[in-house]
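Participant: Quick one, fold the following:
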Amino acid sequence: MKYFLKLIRTKNLLIILFTMLGVAWYLLQSNNYQKVDFDWFDYSLLIFSTIIIAAAGNVINDYFDIKSDLINKPEKVILSKHVKPRWAILWHWILNAIAFIISIYLSVKYSTLLFVFVHLLSINLLWFYSVQLKRKFIISNLIIAFLTALVPLLSIWFFKVLNESSMPYSPYVEESWSTYLDYSFVYFLALCAFVQNFAREINKDIHDVEGDLLAQVKSLPIIIGKEKAAYLTLILLQLPLLTFILSFYVFDWIEVNKATMILLLLSGAVNFSSAILYIVKKEATLTWINHLMKWSMFFGLICLFSNSL
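Facilitator: Numbering: from 1, shown residues only. Modelled structure (predicted):
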């Protein structure tokens with residue numbers, strides 16, 4: 001069980017859990033209209049299906065990465081050492097099958113193909129990413145960044161679908177209560193999540209150059225060089241803070257309270273410190289930059305809860 005939990009990357013799955021709970025918390029707390037019939041059971045099913053799709057994706061990714069992982073991070077290899085590869089394949093299909101069944105239930109109940117489409121898209125992207133697309137220049141990084149940003153967007157879509165089906169509970173006859181929800185802050189965080197994870201994936205590729213060369217992976221650091229890839233990563237890390245400044249101070253697209261403003265500025269400061277560290281110490285700080293990016297994303301996640309206070 002211990003190795004299975006490591007294989008599915010439990011910590012990453014917890015981030016998905018808290019992200020989707022955070023979006024629901026933020027939207028429900030910011031809703032001024034109390035007659036809302038929010039279905040926590042169905043939303044919990046959506047969270048569960050999202051988590052197990054990600055778990056299946058982690059399993060199949062490790063299955064196809066055994067050779068390169070033995071070079072890049074041999075101490076972290078689980079398949080073939082502690083878990084038989086054929087069991088990994090079996091768990092991959094079982095988890096995806098359960099998630100797909102849940103998506104059918106949600107799509108039938110709410111009369112929309114949205115959930116089936118998003119689940120099938122995610123399952124297939126993770127499969128083809130592991131089998132082939134991971135070896136393609138920059139495409140692999142964009143896929144992971146896109147799927148990360150898709151998590152909060154999926155929560156928004158659930159709200160919109162649920163609201164359309166709950167119009168009788170609205171204080172207005174003509175419109176559902178979704179009309180009065182402001183999704184802009186969640187869209188902003190989804191955009192930041194895309195950029196942040198795109199940068200993080202490039203940074204991970206820098207660490208994996210040796211194994212990727214053996215596996216004939218055409219990663220960004222291999223094509224343009226590790227140093228240029230590192231500088232690109234650091235430039236990308238400054239974009240969330242720039243987006244916040246433009247969205248809040250210049251164009252007034254989002255509203256944030258003081259606690260959230262401090263967290264977002266702190267997140268931006270952490271990313272900026274990553275750039276300073278790399279300029280000073282170069283490759284010696286690449287691992288530290290990866291840790292700092294995790295802290296930056298953690299501050300962004302907390303914003304979902306702080307901005308509804």
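Participant: going forward, measure contacts between C-alpha atoms and count neighbours the same way
Facilitator: Fine.
Participant: Excluding chain neighbours, give the residue nearest to residue 53 in space.
Facilitator: Sequence neighbours aside, residue 96 is the residue nearest to residue 53 in space, at 5.7 Å (criterion: C-alpha to C-alpha, 6 or more residues apart in numbering).
Participant: Looks to me like the one you found is in a helix.
Facilitator: Yes: per DSSP: H, G, I helix; E, B strand; the rest coil, residue 96 lies within a helix segment.
Participant: Can you name the residues that contact it?
Facilitator: 52-53, 56, 123 (C-alpha atoms under 8 Å, 6 or more residues apart in numbering).
Participant: what's the spacing between stretch 147-164 and its chain's center?
Facilitator: From the chain centre to the centre of stretch 147-164 is a distance of 13 Å (C-alpha atoms, centre = their mean, to the nearest Å).
Participant: Now the element after the host helix or strand of residue 204, going C-ward?
Facilitator: Assigned by DSSP states H and E, residue 204 belongs to helix 184-207. Toward the C-terminal end, the helix or strand that comes next after helix 184-207 (DSSP H and E) is helix 209-214.
Participant: Which neighbouring elements make contact with that next one?
Facilitator: helix 66-72, helix 220-224 (3 or more C-alpha pairs under 8 Å, 6 or more residues apart in numbering; DSSP states H and E).
Participant: what comes up buried for the shortest one?
Facilitator: So that's helix 220-224. 220-222 (16 or more other C-alpha atoms under 10 Å).
Participant: Chain neighbours aside, what residue packs nearest to residue 38?
Facilitator: Per C-alpha to C-alpha, 6+ apart, closest to residue 38 is residue 162, 7.5 Å.
Participant: That neighbour reaches residue 109, doesn't it?
Facilitator: No: with contact defined as C-alpha atoms under 8 Å, residue 162 does not count as touching residue 109 (10.0 Å).
Participant: who has more neighbours, those two?
Facilitator: residue 162 (21 against 11; other C-alpha atoms under 10 Å).
Participant: is it fair to say the more buried one lies in a helix?
Facilitator: Yes: assessed by three-state DSSP, residue 162 belongs to a helix.
Participant: State the distance from residue 231 to residue 138.
Facilitator: 15 Å (C-alpha to C-alpha, to the nearest Å).
Participant: Pretty sure residue 10 is one of the things residue 59 touches, is it not?
Facilitator: No: with contacts counted by C-alpha under 8 Å, residue 59 stays clear of residue 10, the gap being 11.5 Å.
Participant: Same drill for those two, tell me which one is more crowded.
Facilitator: Set residue 59 next to residue 10 and count neighbours by other C-alpha under 10 Å: residue 59 wins out with 26 against 14.
Participant: Contacts only, for that one.
Facilitator: 7-8, 88-89, 91-92.
Participant: of those residues, closest to residue 145?
Facilitator: Each of the contacts of residue 59 was scored against residue 145 by C-alpha to C-alpha, and residue 8 proved nearest at 18.2 Å.
Participant: Mind telling me what element the spatially closest residue to the closest one that is not a sequence neighbour is part of?
Facilitator: Ranked by C-alpha to C-alpha, 6+ apart and with sequence neighbours excluded, the top spatial neighbour of residue 8 is residue 55, at 4.7 Å. If you go by DSSP H and E, residue 55 is part of helix 40-64.
Participant: Quick one: mean pLDDT over that helix.
Facilitator: Throughout helix 40-64, pLDDT has a mean value of 92.
Participant: and it, how far out from the chain's middle?
Facilitator: 12 Å.
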